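Engineer: okay, predicted coordinates and the sequence, questions at the end:
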Amino acid sequence: MSYKAVTKTLTYQTKHRLEFINITPEVDLFVADSGVETGTLALQTHHTTCGLWVNEDEPNLIGPSSTLGYIPDLQRVLDRFAHPAETYGHNDIRDVNNPEGKRHTHLCVPDENGVSQECVNGHAHAQGLIIPSYLTLIIERGQVIRGVWQQILLVELDHDRTRTLTMLAQGEA
């Protein structure tokens, strides 16, 4: 056997705040194609307000609330921890075009030059304390070790945008 390391970067377009995207099929395919038989899988987002999580892909837990008609459990827990309506120092941003006042937008709206300024998203950064931007999992016999209900989820903590994720499979091939 020999050591092997393989990386792959994926992008996802999220649609809304506290969206949970099941990326397990893409991760499993990457590991199978990597040729790594025994080792580790590292996953990392390129963002501070987007995380990775292993849990059950079950609507009552993760939603979306638009199809449920009520707030799913994990959105309620995350918002109880750091609600978007709370006051965050991170949100005290001065608009370069209006130095006397704060911006009153949640979304990162590009200016006339197409440049997006900082978002009003202190809650999303705080929720990142619970949902980390990285995971490390074990590869055995060419497959990720997971329990029967465990799925790998990409979690959008902020708002709709393009998100990037890099995976590294390494170990004995």
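Structural biologist: Nice, I can see it.
Engineer: ok, residues contacting the biggest helix by length in the chain?
Structural biologist: Scanning the chain for the longest helix, with DSSP state H as the assignment, gives helix 24-34. Applying C-beta atoms under 8 Å, 6 or more residues apart in numbering, the set of residues contacting helix 24-34 from outside is 4, 6, 8, 10, 41, 43, 57, 139, 142-144, 146, 151-152, 167, 169. Heads up, the C-betas are built off the backbone N, CA and C, glycines and all.
Engineer: what comes up buried for that helix?
Structural biologist: Across helix 24-34, burial judged by 16 or more other C-beta atoms under 10 Å covers 24, 26-27, 30-31, 34.
Engineer: out of the residues you listed, flag the one nearest to residue 70.
Structural biologist: Proximity to residue 70 was ranked across these by C-beta to C-beta; first place goes to residue 24, at 25.5 Å.
Engineer: ok, residues contacting stretch 123-132?
Structural biologist: Outside of stretch 123-132, the residues within contact range by C-beta under 8 Å, 6+ apart are 17, 48-49, 51-53, 78-79, 81-84, 86, 88, 90, 155, 157-158.
Engineer: for the record, mean pLDDT for that stretch?
Structural biologist: Rounded to a whole number, the mean pLDDT of stretch 123-132 is 96.
Engineer: again with stretch 145-163
Structural biologist: Averaged across stretch 145-163, pLDDT comes to 96.
Engineer: so how far is whichever strand or helix holds residue 164 from its chain's centroid?
Structural biologist: With elements delineated by DSSP states H and E, residue 164 resides in strand 162-172, which encompasses its position. How far strand 162-172 lies from its chain's middle: 13 Å, per C-alpha atoms, centre = their mean, to the nearest Å.
Engineer: which ones among the contacts of stretch 123-132 are found in strands?
Structural biologist: Counting by DSSP state E, the part of the contacts of stretch 123-132 found in strands is 51-53, 155.
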